[in-house]
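Predicted coordinates and the sequence they were generated for:
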Amino acid sequence: MKAGKIWMGLFVVGAMGGCGTIAQDGLGGGHGAESRNMRLAGMSDLQGRSAFQVVILKQGERWIAYVGTHGGGAMNPLTGQEEGNGTIILDVSDARQPRIVHHIPTASKKAAEGGEGTGSQMVQVCAGKDLPKGDPAKFYMMRTDGSRAHEMWDVTVPERPVKIADIVANLRSTHRQAWECDTGIAYVNSGLPGWEVLRMTQAWDLSDPAKPVHVRDFALPGQQPGAPKRANRRLHDGHGPFSTGPKGNRLYFGYGNVGSGAFQIVDREKLLNGPKEPTPENLLYPQLSFQTTGTMQAVHAVLPLIGMEIPEFSRYTKGKVRDFLLVLPEAIENECHEGPTMMVVVDITDERNPIGVANFQVENKDGRFCTRGGRFGPHQTQENLTPIYHKRVVFVAWFNAGVRAVDIRDPYNPKEIGYYIPATNKNTRPECVKTPEGPRCRIAIVTNNVEVDGRGYVYMTDRTRSGLHILEPTGEVRSIANFK
């Protein structure tokens, strides 16, 4: 498998986000809120739990949010019991007053255990009416249970979820999930015994949520069972794909743990229906291209932007419509104790020969985000492709810099147009670094994930237990969005 040699070109164009007024210096004692063209609509403390993924779905006349959590435990006021962090279900029909209606706990209250810790970090939800063999009157939730399993739940009544089954269990690790509601095909990160990598991807047919059908296992050549033992089993660790479904027929994978990342473009039809025995030849069969990203950047998340019309190219006879992939690493170390990370824009119009054309960074010339506490860098974008924002505004979770709103209409020149950094609160957990004098701890927001709903609200979760914040766009962010 040959990796392309164009990644150096991925850093050729920079776009910097602007600065706002800092309410407090953030050195140890927390900080106030900062915003530009985004304002707070509502907030939930999430029972003081460390939060990861959030997805939002309209169920009947209600809007319901499902929030995954990192490991740990906290008191659940609904039951009066301390419960291991799991899945928090909220009624967000009134975004200004989000209301927790249920918490599905996990067994362990340990802060970390196994590959990706305990808790229930990942969650996906589909309406039964959209699934080929689902009950049209029901709603179904897939979630992770620590490092142990991927599970299926009936969440038709959010206040009374019912477990249906384990999709797959006895795993060493879990992570990202993606579920195509129109086909039922799901792609889940799993740690399977025998593979020469901590996490690979399993494809499952969940068109009938009560009867999971295993389709195949997939990873990179050299990671399959029986391959020579690798010195670093987390090299090109799997982060799962972003699927464009049968219509787009593409899967975009990210790989990497700490640096040494890569992204891969895969033919979806060939992956699902091609030869499935995990030989090097079969693992390569659906691949269209594989691109390493250098030693400094792992690839945690990707977002395809297909069929972008470039106004500046309107008079050209060819090439005026382009395809792009946003490639995001994950900042890992607190207080910038690592190399810089950024969101990279890759032109994939010629998908066998991707080329980097731009990058986006949050301005930090004064170093304030490096001294505030917590991680500084990108993690993830929204995944809901609502026409309100798709191909217009991308929201990026940027850890201690909150959520950044980026005008992506011209992908060659991404431009920050807004941001929101919540204030710390009584639940915000200190983040520490080692020094010769001992640990140094500071209190700061660390935004983990961002998502949008069909009404245009923006949801941000915090990994330092600061809660769920629901935002609404104002000013330039709202004017660029499509609220027609």
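Thanks, I have it.

just the helices in this protein please.
Per DSSP state H, the chain carries helices over the ranges 245-248, 268-273, 280-284, 368-372, 475-480.

List the buried residues in the second one.
Taking 16 or more other CB atoms under 10 Å as the neighbour-count basis, helix 268-273 is seen to contain the buried residues 268, 270, 271, 272. All C-beta atoms are positioned from the backbone trio N, CA, C, and that covers glycine.

deepest of the helices of the chain, which one?
helix 368-372 (a mean of 20; mean count of other CB atoms under 10 Å).

could you check the distance from the residue nearest the centre of the chain over to residue 348?
Here the mean C-alpha position of the chain is nearest to the C-alpha of residue 380 (CA atoms, centre = their mean), at a distance of 4.5 Å. Separation of residue 380 from residue 348 (CB to CB, to the nearest Å): 19 Å.

Can you give me the neighbour number for residue 404?
Per other CB atoms under 10 Å, the neighbour tally for residue 404 reads 28.

Now do the contacts for it.
Counting by CB atoms under 8 Å, 6 or more residues apart in numbering, residue 404 makes contact with 17, 362, 395, 396, 398, 416, 418, 419.

Counting neighbours, what do you get for the closest residue to residue 211 other than its chain neighbours?
Distances taken as CB to CB, 6 or more residues apart in numbering put residue 133 closest to residue 211, at 8.0 Å, once the chain neighbours are dropped. Neighbourhood size, residue 133 [other CB under 10 Å]: 13.

wouldn't residue 133 be in contact with residue 206 here?
No - judged on CB atoms under 8 Å, residue 133 makes no contact with residue 206 at a distance of 9.1 Å.

what about the protein, any weak spots by pLDDT?
1-28, 112-117 (pLDDT under 70).

Any chance you could list what contacts stretch 75-82?
Taking CB under 8 Å, 6+ apart as the rule, stretch 75-82 contacts 47, 48, 73, 74, 83, 100, 102, 103, 105, 109.

ok, what's across the strand from the fourth one?
Partner residues in beta bridges with residue 74: residue 83, with DSSP bridges as the criterion.

neighbours around it, how many?
21.

before we move on, back to that, spit out the residues that contact residue 133 and residue 206 alike.
residue 184.

quick one, which of the helices of the chain is nearest to residue 217?
Taking CB to CB, helix 280-284 is the member of the helices of the chain nearest to residue 217, at 9.4 Å.

ok, residue 135 to residue 362 distance?
45 Å.

swap in residue 267?
Distance from residue 267 to residue 362, by CB to CB: 35 Å.

Out of these two, name the residue with the larger neighbour count.
The residue with more neighbours, out of residue 267 and residue 362, is residue 362; 25 against 17, by other CB under 10 Å.

so the more buried one touches residue 397, yeah?
No - contact criterion CB under 8 Å: residue 362 and residue 397 do not qualify, at 11.3 Å.

who's in contact with the residue nearest to residue 211?
So residue 133 contacts 184, 207, 208, 211 (CB under 8 Å, 6+ apart).

gap between the closest residue to the first one other than its chain neighbours and residue 129?
Spelled out, it's residue 184. Nearest non-adjacent residue to residue 184, counting by CB to CB, 6+ apart: residue 207, 2.8 Å away. As defined by CB to CB, residue 207 lies at a distance of 13 Å from residue 129.

Who has more neighbours out of these two?
residue 207 (20 against 12).

if I look at that one, how far off is residue 368?
Going from residue 207 to residue 368 by CB to CB gives 49 Å.

again with residue 388
Distance from residue 388 to residue 368, by CB to CB: 32 Å.

go on, residue 52?
26 Å.

Over to residue 393?
Counting by CB to CB - residue 393 and residue 368 are separated by 25 Å.

Need the nearest residue in space to residue 238, chain neighbours excluded.
residue 199 (4.5 Å).

if I read this right, the one you found contacts residue 173, doesn't it?
Yes - at 5.3 Å, residue 199 and residue 173 qualify as touching, with contact defined as CB under 8 Å.

circling back to that earlier point, wait, which of the contacts of stretch 75-82 is closest to residue 157?
Of the contacts of stretch 75-82, the one sitting nearest to residue 157 (CB to CB) turns out to be residue 102, at 9.2 Å.

residue boundaries of the strands in the stretch 151-300 of the chain?
Applying DSSP state E, counting those that start in this stretch to the stretch 151-300 of the chain gives strands spanning 162-168, 174-179, 185-190, 200-205, 213-218, 238-243, 250-257, 259-267, 287-292.

can you put those strands in TSV and add distance to residue 59?
As requested, the strands of the stretch 151-300 of the chain are exported to TSV (distance: least, CB to CB, whole Å):
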stretch	distance to residue 59
strand 162-168	15
strand 174-179	16
strand 185-190	20
strand 200-205	23
strand 213-218	26
strand 238-243	23
strand 250-257	28
strand 259-267	32
strand 287-292	37
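
Tell me which of those lies nearest to residue 476.
strand 238-243 (27.1 Å).

Please name the strands paired to the closest one in the sheet, noting orientation.
Partners of strand 238-243 in its sheet, by DSSP bridges: strand 250-257 (antiparallel).

neighbouring contacts of the strand it pairs with?
Contacts of strand 250-257 (CB under 8 Å, 6+ apart): 187, 198, 201, 220, 234-244, 261-268, 271, 293, 297-302, 304, 325, 327-329, 351.

Would you mark the buried spots in it?
Buried-residue list, strand 250-257, by 16+ other CB under 10 Å: 250, 251, 252, 253, 254, 255, 256, 257.

the inter-axis angle of it versus strand 200-205?
150 degrees (axes from the mean of the first three to the mean of the last three CA atoms, to 10 degrees).

Surely residue 98 is in contact with residue 459?
No - using CB under 8 Å, residue 98 is not in contact with residue 459; the gap is 9.2 Å.

So for the two, which residues contact both of them?
Joint contacts of residue 98 and residue 459 (CB under 8 Å, 6+ apart) are 65, 92, 468, 470.

And for residue 319, the neighbour number?
Residue 319 has 10 nearby residues by other CB under 10 Å.

and it, what does it touch?
313, 349.

any idea how far it lies from residue 127?
Distance from residue 319 to residue 127, by CB to CB: 39 Å.

can you check residue 275 too?
Residue 275 is 33 Å from residue 127, by CB to CB.

and what of residue 414?
33 Å.

okay, these two: which has more neighbours?
The residue with more neighbours, out of residue 414 and residue 127, is residue 414; 24 against 18, by other CB under 10 Å.
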